[in-house]
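Trainee: please find the sequence and the predicted model below.
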Amino acid sequence: MDSIQRVRIEYSKKGPIRYIGHLDLMHTFFRALKRANLPVSYTQGFNPRIKCSFSPALPLGFASEAEYMELYLDKKIDISSSIGNLQKELPEGLTVHNMERLPLFGKSNNVKIKAVAYRINLHQFSGKSTVSPRVSKEDIEGKTRNFLDKEEILLIDKKGRRVNVRPLILSIEMERDWNIRLLLKTRGGFNLNPRIIIKALLGVEKKDLAFVEFTREKFLFW
Amino acid sequence: MERIVLDDILPFVSKPGRYLGNEWNVVHKDWESAQVKVVLCYPDMYELGMSNLGLQILYSIINQRQDSLAERVYAPGLDMEEILKEKVIPLFSLESKKPLKDFDIIGFTLQHELSYTNILNILNLANIPLRSQNREGKFPLIIAGGPSTSNPEPLADFIDAFVLGDGEEVIEEIIETYKNWSSRLQSAFRNRGSGLLKALAKIPGVYVPSLYEVNYKQDGTIQRMERKGDGIPEKIDKRAVDLETSHYPLAPLVPLIDISQNRLNLEIQRGCPHSCRFCQSQAVYGPCRVRSKKRLLEIAEASLRSTGYDEISLTSLSSTDYPGIEGLIGEFLACFGKNHTSVSLPSLRPDKFSLALAIRIQKIRKTGLTFAPEAGSERLRRLIGKKISDEEFTFTISQAYNAGWRLVKLYFMIGLPTEEEEDIEAIIRLVKEPKTRHKNLNFNITIAPFVPKSHTPFQWLPMEKLTELRRKKDYLSRRLPAQVKGHTVESSFLEAVFSRGDRRLGMVLEKAWEMGCKFDQWKEHFRFPIWEEAFSHCGVDPDFYVYRKRDLEEILPWSHLICGRRKEALIKDSILNNARTSV
């Protein structure tokens, strides 16, 4: 059967479920869609799969207020009742905020993402970190200024390559309540993990960031 | 507790999803209002434990009761264990994050002998004394069920009560007995003492090891098994339920992370119509009973709706022997296939009929093909009870190839009774033959040493020597035109010790655990030299259990447990007295 509708489902991921990784989350959604009895489309072939695409993978442990999936349907659905039907079938921590129609044809929004906004809460870090001494807001503000003043920030990426990440950092702002707002540019579909930026900014080890809360706030398309 | 535990721990462990307790269909009951609190434990990794059907059934039965609650715990990963120790957090249940010690009953499932060190490890992480005799006072009642209770003696010092056979009914009887008992007691002394144990021993199928005393002869064999007191049964008969009317979960737990059997398991049959002589499962899960097609369709429909799974596995020990399996599959495909749900069968008998079924279900989704011929030669297969001819096997493989399969998984055993070199050569011939005709056909072969098990006609026989098993396995690995897998022969040796061992192994088990053994089923964690040290430290000779041919008159450690066929029937079916003659 050919799909006759495409919808975008926007949802957030919070609480313990943020420890469920991207692939597992996809399967969780597939099962929820099935339980909700939405008329989802399947791909052709030996291994039919639900026709959909998800927003770029969220690192394990991150919360998000900006996730979405784009889903193809075999039948037209009533949007408002479908939100409720799906929500009932989702585990705690996954909340559907919005569902809207998309043009049936056309590219996935994933290719239009230009930047990603993150909120990083250092509240726990400031007191709980066992390794580094307590830090003050002034420390962090100073570090941020120095950091942004540099023209080149070389970091090692997952594949072991040295990458200058400075051009990808659009802004870093220290806000109230130990929140840092970080805006990262995406380049050729490449999403920089904000953890490595914060690690470099604060000059700490990965394990020191265990109590830092990362939240993806927004995708920017333009 | 929940916030503290999760946020302090989860950033530091791999696969934190194992410890969340937020699976779909999870049951969170009010702690205070449950009179009997049970925590069910699969003493191995989450991914294996969550795939176990038995625990899902018990979880559902207990949580249906107004007066009880059931929660779960699995063996924590090594990184998790380290953090629990470092932060001095006792092992906790997944649902309410309560320490195991706060429960009334801890129920372990014994799926295989190599999980025993994990049981001790879990008790220790829960701050519960390992030995029953040291658990005076306010500690949970520790019970165990599952296939390895067919000879539970090596765990007799640690477990308060074993359950033999099907658990559906007996779990409720245990809860009732516990409830009656605890309501009559002061809360400070709520669940210990021999009074409760004696009451439990009256339940059919429940074996309380501390109520029996074992005396040994000079030569190490058992002199007699003595009951301590009146009203304790001489023999314990395993339980078997009426499958059709027994409870089946309609909203099973669905994990949020990937596990080994990530699909809807639908048990269509319990037990097996065949009586393969090596097979203990047939005794443990027998007699052979089926669920009706009507009931299965009801269960499938409800559970697909409640889980959202896209695959149903029709499980049993030998699913293609289900009477009318073709009709059953046909109906399942008709009912659920249009909704993109595939049907799969576990390991198949390598015969034409089974393959025809596999071809049929493959239409929905490509599933793997697994056959278990067990032995290479027709003679040996006949002897162990797997009556499949070379010709039929070869034909079936060709058919599978023609139907599009390019990778077939095969299971073989080595060290079977009366096995000769020609039987080993026969494995090679059997695998090579189809390969000469089908160049693109590949096999994945698992080779496992034969381990004689209790309650089988082979229970009196010695296991083959390790050196021989090693040689045969190496030879096959070199000669077979396929990838050869399998546990180390040393782990099979250990399995052989415990599967027919007695109570004296308790101290070896404790010693090995003290010396760091756990997760023995996992190649990367299994440390045979430590086990050897533990045996010699305790002055226990493992060869006594593994290589000794038992006399038919000998009192075996499990002689007081009735599990399937009686001794006389086993002797009649055994090849002990005509080992070299054809059967």
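Mentor: That came through fine.

Trainee: ok and the residue in chain A nearest chain B?
Mentor: A:R31 (3.1 Å; C-beta to the nearest C-beta). Backbone N, C-alpha and C define where each C-beta goes, glycine included.

Trainee: that residue reaches B:S306, doesn't it?
Mentor: No - A:R31 is beyond contact range of B:S306, at 10.2 Å (criterion: C-beta atoms under 8 Å).

Trainee: which ones are touching B:N180?
Mentor: Applying C-beta atoms under 8 Å, 6 or more residues apart in numbering or on different chains, we find B:N180 in contact with B:A199.

Trainee: and whichever strand or helix holds it, what's buried?
Mentor: Element membership of B:N180, judged by DSSP states H and E, is helix B:170-183. Of all the residues in helix B:170-183, those buried under the rule 16 or more other C-beta atoms under 10 Å in any protein chain shown are B:170-175, B:177-179, B:181-182.

Trainee: one step back: could you count how many residues lie near the residue of chain A closest to chain B?
Mentor: When neighbours are defined as other C-beta atoms under 10 Å in any protein chain shown, A:R31 has 20 of them.

Trainee: next one: B:Q111
Mentor: When neighbours are counted by other C-beta under 10 Å, B:Q111 registers 19.

Trainee: what are the contacting residues of the helix or strand harbouring A:F147?
Mentor: Using DSSP H and E, A:F147 maps to helix A:137-149. Residues from elsewhere that reach helix A:137-149, judged by C-beta under 8 Å, 6+ apart: A:122, A:153, A:169, A:172-174, A:178, A:180, A:200-203.

Trainee: restricting to C-alpha, output stretch A:197-213 in PDB.
Mentor: Extracted in PDB, the C-alpha atoms of stretch A:197-213 (Å, rounded to 0.1, in the frame of the first residue of the first chain):
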ATOM      1  CA  ILE A 197      32.800  21.000  24.500                       C
ATOM      2  CA  ILE A 198      31.900  21.200  28.200                       C
ATOM      3  CA  LYS A 199      34.700  18.900  29.100                       C
ATOM      4  CA  ALA A 200      37.200  21.100  27.300                       C
ATOM      5  CA  LEU A 201      35.600  24.300  28.600                       C
ATOM      6  CA  LEU A 202      35.800  23.300  32.200                       C
ATOM      7  CA  GLY A 203      39.000  21.400  31.700                       C
ATOM      8  CA  VAL A 204      37.800  18.300  33.500                       C
ATOM      9  CA  GLU A 205      37.600  14.500  32.800                       C
ATOM     10  CA  LYS A 206      34.600  12.800  31.400                       C
ATOM     11  CA  LYS A 207      33.700  11.200  34.700                       C
ATOM     12  CA  ASP A 208      33.500  14.600  36.400                       C
ATOM     13  CA  LEU A 209      30.600  15.300  34.100                       C
ATOM     14  CA  ALA A 210      28.500  12.400  35.500                       C
ATOM     15  CA  PHE A 211      26.300  14.800  37.500                       C
ATOM     16  CA  VAL A 212      26.000  17.400  34.800                       C
ATOM     17  CA  GLU A 213      22.500  17.500  33.200                       C
END
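
Trainee: buried residues, that stretch. List them.
Mentor: In stretch A:197-213, counting by 16+ other C-beta under 10 Å, buried: A:197-199, A:201-202, A:204, A:208-213.

Trainee: one more: stretch A:155-162?
Mentor: So, applying 16+ other C-beta under 10 Å, buried residues of stretch A:155-162: A:L155.

Trainee: pLDDT of it, averaged?
Mentor: Summarised as a single mean, pLDDT over stretch A:155-162 is 79.

Trainee: now do the end-to-end distance for it.
Mentor: 5 Å (C-alpha to C-alpha, to the nearest Å).

Trainee: go on, stretch B:512-532?
Mentor: Span of stretch B:512-532 from end to end, C-alpha to C-alpha: 9 Å.

Trainee: run through who's touching that stretch.
Mentor: Applying C-beta under 8 Å, 6+ apart, the external contacts of stretch B:512-532 come out as B:44-45, B:75, B:78, B:112, B:114-118, B:120-121, B:124, B:487-488, B:490-491, B:493-494, B:508, B:533-534.

Trainee: among these, which ones are buried?
Mentor: For the contacts of stretch B:512-532, buried by 16+ other C-beta under 10 Å: B:44-45, B:75, B:112, B:114-118, B:120-121, B:124, B:487-488, B:490-491, B:493-494, B:508, B:534.

Trainee: just the contacts of stretch B:512-532: which are in helices?
Mentor: Under the assignment DSSP state H, those contribute B:78, B:116-118, B:120-121, B:124, B:490-491, B:493-494, B:508, B:533-534 to helices.

Trainee: could you export these as a markdown table, including distance to chain A and pLDDT?
Mentor: Formatted as a markdown table, these follow (distance: C-beta to the nearest C-beta, whole Å; pLDDT from 0 to 100):
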| residue | distance to chain A | pLDDT |
| --- | --- | --- |
| B:L78 | 17 | 96 |
| B:Y116 | 30 | 98 |
| B:T117 | 28 | 98 |
| B:N118 | 23 | 98 |
| B:L120 | 29 | 98 |
| B:N121 | 24 | 98 |
| B:N124 | 26 | 98 |
| B:E490 | 35 | 96 |
| B:S491 | 30 | 96 |
| B:F493 | 37 | 97 |
| B:L494 | 34 | 98 |
| B:V508 | 38 | 98 |
| B:E533 | 35 | 98 |
| B:A534 | 35 | 98 |
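
Trainee: dump the residues you listed into a markdown table; add distance to B:T341 as well.
Mentor: As requested, the ones in helices among the contacts of stretch B:512-532 are exported to a markdown table (distance: C-beta to C-beta, whole Å):
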| residue | distance to B:T341 |
| --- | --- |
| B:L78 | 37 |
| B:Y116 | 38 |
| B:T117 | 39 |
| B:N118 | 35 |
| B:L120 | 41 |
| B:N121 | 39 |
| B:N124 | 43 |
| B:E490 | 42 |
| B:S491 | 37 |
| B:F493 | 43 |
| B:L494 | 41 |
| B:V508 | 48 |
| B:E533 | 51 |
| B:A534 | 49 |
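
Trainee: name the nearest of the residues you listed relative to B:Y401.
Mentor: Set against B:Y401, the nearest of those by C-beta to C-beta is B:S491 (33.3 Å).

Trainee: what sits against the residue sitting nearest the centre point of chain A?
Mentor: The structure's chain A has its C-alpha centroid closest to A:L58; by C-alpha atoms, centre = their mean the separation is 4.2 Å. Counting by C-beta under 8 Å, 6+ apart, A:L58 makes contact with A:13, A:18, A:22, A:64, A:67, A:216.

Trainee: among these, name the buried ones.
Mentor: Burial by neighbour count, judged by 16+ other C-beta under 10 Å, picks out A:13, A:18, A:64, A:67, A:216 from these.

Trainee: what residues are up against the first one?
Mentor: Pointing back at A:K13 there. A:K13 makes contact with A:25, A:58, A:62-64, A:67, A:93-94 under the criterion C-beta under 8 Å, 6+ apart.

Trainee: okay, and the beta partners of it?
Mentor: Beta-bridge partners recorded for A:K13 (DSSP bridges): A:S64, A:L94.

Trainee: pick out the residue in the stretch 101-250 of chain B sitting closest to chain A.
Mentor: B:L250 (13.3 Å).

Trainee: residues contacting that residue?
Mentor: Here B:L250 is in contact with B:299, B:302-303, B:306 (C-beta under 8 Å, 6+ apart).

Trainee: name the member of those residues with the most neighbours.
Mentor: For those, the largest neighbour count, defined by other C-beta under 10 Å, is 22 neighbours, found at B:S303.

Trainee: pLDDT score assigned to the residue nearest to the centre of chain A?
Mentor: 94.

Trainee: swap in B:L53?
Mentor: pLDDT at B:L53 comes out at 95.
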